[in-house]
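K.L.:
Whatever this is, show me its structure:
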Amino acid sequence: MTVLEELDHIKDRKHDVSRDARVAIRGLDEVLKNATPEQMLQGVALPSNKKAKESSTGTLIIVNDHLFADSISGLPGNENDHRIINCAVHLQKQHSDSKIVLVTKDINMRLKAKGAGLKYVEDYRTDQLIDDIALLTSGYKKIEGDFWQHVGQCNTEQSGRDTYHHVSKNLIPDVFCNEYLLDGGEHFAARVKSYDDEHITLKDISVERLMHQHAWGVKPKNIYQGMALDALLDPSIELVILTGPAGCGKTLLALASALEMVIEKGIYDKVIVTRNTPEIAESIGFLPGTEEEKMAPWLAAITDTLEVLHKGDENPISSRNYIMEKANIQFKSVNFMRGRSIQNAVVILDESQNLTASQLKTIITRCGEGTKLICSGNLAQIDSNYLTPVTSGLTYIVERFKDFEGSATINLNGVVRSRLASFAEENL
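P.N.:
Residues are numbered from 1 along each chain as shown. You can find the predicted model right below:
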């Protein structure tokens, strides 16, 4: 009953958590709408989940915890969290032969429950694909020594200017599509094009070719940025995810590649830039103007980057404004993405570490035919109160899309940054 009251209290707020509460209430109603009070006390069978690998079993019961006397000293019953803990402890005593588990994302509530004598307390982990972001894929593998010394014989074919090698799967058992391979030398670099149980097809790129790429006057500083540019400038890769610390060039590379593909190559028609808008300090209130004018302060990183790209011009600000008009750069809010269908555009989603998996799904499904999505983010700088690096939507899509043939992930952690940014990241 207390859980239902909690859902009722938050369902009318103007936050994502309110939408989630309404979804939860509708889900409960779907299970219980035809149940009689007697059936509800005995338990109503849960429906099977079509998305789950295993069919779910179990029943749903609503417990009237208001009828339970406070059995735990030091936890007064007028607090909702305390009522729920008290209910769990009561059920543990009542059903000593069963495993009673309290599941909550509230860390403090988990500590209180443990202290109150509840044996099993768990975090809600369905939204976590990994336990530690150190395990998150970087998008590339480094092979010790000379790669070809490990290979021996392989089949090679030429397709236009591209060279493809077919090597044994035993060489690298855990590869995925569009993962880059580097060796200990200074020449070999390749990208996994496809694989099966026996062979891996590699596209030979070479370090020299990666380092000689350029986009809108920007050249890679090292091999990590070279791999990022290779993925960004490849129209066959529809989703590029750039992760890494502040100052490693994520936004610069994304914007330079977008301008190159829209203005110079004419592959896409426009650039759409969007991001979530959490505040890291107190709000400055409502902002005047149109949607784009309201978004301008949030997207200053983009306009700053445009000025950097044109700093050699006689009038950088005039050049920036001209390029924004020529490339049809549009600033849009994430709040108004639902229902759109974006065609033939480069969509840059900046600071995507502050989005949930559900929000990112909404944006990705808005991308129509001929659209490329670039997601960038730093998992060490999450401003949302409800997210951690493990539960961030950015972490979720890196894991979910890592073996999708139309996506590539590059972690720019190895890029040399400014002394100030590096020191702050390591010591603050």
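
K.L.:
Where does pLDDT dip in the stretch 101-250 of the chain?
P.N.:
Residue ranges of the stretch 101-250 of the chain with pLDDT under 70: 126-129, 131.

K.L.:
oh sorry, the question was meant for the stretch 251-400 of the chain
P.N.:
Residues of the stretch 251-400 of the chain that meet the criterion pLDDT under 70 lie in 277-299.

K.L.:
what are the ranges of the helices in it?
P.N.:
Taking DSSP state H, counting those that start in this stretch, the helices of the stretch 251-400 of the chain run over residues 291-295, 300-309, 316-326, 357-364, 393-400.

K.L.:
residues near the closest residue in space to Cys367 that isn't next to it in sequence, how many?
P.N.:
Spatial nearest neighbour of Cys367, excluding adjacent residues (Cβ to Cβ, 6 or more residues apart in numbering): Leu373 at 5.2 Å. C-beta coordinates here come from the backbone N, C-alpha and C atoms, glycine included. Neighbour count of Leu373, defined by other Cβ atoms under 10 Å: 23.

K.L.:
could you list every residue that touches Leu373?
P.N.:
When contacts are counted by Cβ atoms under 8 Å, 6 or more residues apart in numbering, Leu373 is found next to 238-240, 347, 349, 363-364, 367.

K.L.:
Among those, find me the one that's closest to His82.
P.N.:
Ile363 (39.3 Å; Cβ to Cβ).

K.L.:
Go ahead and confirm that closest one touches Phe336.
P.N.:
No: taking contacts as Cβ atoms under 8 Å, Ile363 lies outside contact range of Phe336: 11.1 Å.

K.L.:
Counting neighbours, go ahead and name the busier of those two.
P.N.:
More neighbours surround Ile363 than the other of Ile363 and Phe336, with 23 against 10 (other Cβ under 10 Å).

K.L.:
Excluding chain neighbours, give the residue nearest to that one in space.
P.N.:
Closest residue to Ile363 apart from its sequence neighbours, by Cβ to Cβ, 6+ apart: Met337 at 5.4 Å.

K.L.:
What is the neighbour count of that neighbour?
P.N.:
Neighbour tally, Met337, other Cβ under 10 Å: 18.

K.L.:
Touching, it and Ile364? I think so.
P.N.:
No: Met337 lies out of contact with Ile364 (Cβ under 8 Å); the separation is 10.0 Å.

K.L.:
picking up where we left off before, tell me the most buried of the helices of the stretch 251-400 of the chain?
P.N.:
helix 393-400 (a mean of 23; mean count of other Cβ atoms under 10 Å).

K.L.:
picking that back up, ranking by neighbours, what's the top pick from the contacts of Leu373?
P.N.:
Highest neighbour count within the contacts of Leu373: Val240, with 27 neighbours (other Cβ under 10 Å).

K.L.:
Go ahead and confirm it touches Leu412.
P.N.:
No: contact status for Val240 versus Leu412: not in contact, 11.8 Å apart, counting by Cβ under 8 Å.

K.L.:
Check which residues of stretch 83-96 are buried.
P.N.:
The neighbour-count check on stretch 83-96 (16 or more other Cβ atoms under 10 Å) flags 83-92 as buried.

K.L.:
Pick the one among the residues you listed closest to Gly117.
P.N.:
Val89 (6.0 Å).

K.L.:
Tell me the secondary structure at that closest one.
P.N.:
helix (DSSP: H, G, I helix; E, B strand; the rest coil).

K.L.:
give me every residue that touches it.
P.N.:
Applying Cβ under 8 Å, 6+ apart, one finds that Val89 lies in contact with 71-72, 116-118.

K.L.:
Narrow those to those that are buried.
P.N.:
Buried among the contacts of Val89 by 16+ other Cβ under 10 Å: 72, 116, 118.

K.L.:
Redo the residues you listed as a markdown table? Include secondary structure and distance to Ala189.
P.N.:
Formatted as a markdown table, the buried ones among the contacts of Val89 follow (DSSP: H, G, I helix; E, B strand; the rest coil; distance: Cβ to Cβ, whole Å):
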| residue | secondary structure | distance to Ala189 |
| --- | --- | --- |
| Ile72 | coil | 61 |
| Ala116 | coil | 57 |
| Leu118 | coil | 53 |
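
K.L.:
Tell me which helix or strand His82 sits in.
P.N.:
In this assignment (DSSP states H and E), His82 forms part of helix 80-94.

K.L.:
For the helix or strand that comes right after that helix, name the packing helices and strands.
P.N.:
Moving toward the C-terminus from helix 80-94, the next helix or strand (DSSP H and E) is strand 101-103. When contacts are defined as 3 or more Cβ pairs under 8 Å, 6 or more residues apart in numbering; DSSP states H and E, strand 101-103 sits against helix 80-94, helix 107-115, strand 120-122.

K.L.:
Could you report the neighbour count for Asn222?
P.N.:
14.

K.L.:
What distance do you get for it to Leu355?
P.N.:
28 Å (Cβ to Cβ, to the nearest Å).

K.L.:
quick revisit: overlap of the contact sets of Val240 and Leu412?
P.N.:
Residues touching both Val240 and Leu412 (Cβ under 8 Å, 6+ apart): Ala228.

K.L.:
I figured Glu157 was touching Leu202, is that so?
P.N.:
No: here Glu157 does not reach Leu202: they are 11.1 Å apart, not a contact under Cβ under 8 Å.

K.L.:
which one of those two has more residues nearby?
P.N.:
Higher neighbour count among Glu157 and Leu202: Leu202, with 29 against 10, using other Cβ under 10 Å.

K.L.:
so what's that one closest to, chain neighbours aside?
P.N.:
Nearest non-adjacent residue to Leu202, counting by Cβ to Cβ, 6+ apart: Ala190, 4.1 Å away.

K.L.:
Let's verify that neighbour: helix, strand, or coil?
P.N.:
Per three-state DSSP, Ala190 ends up strand.
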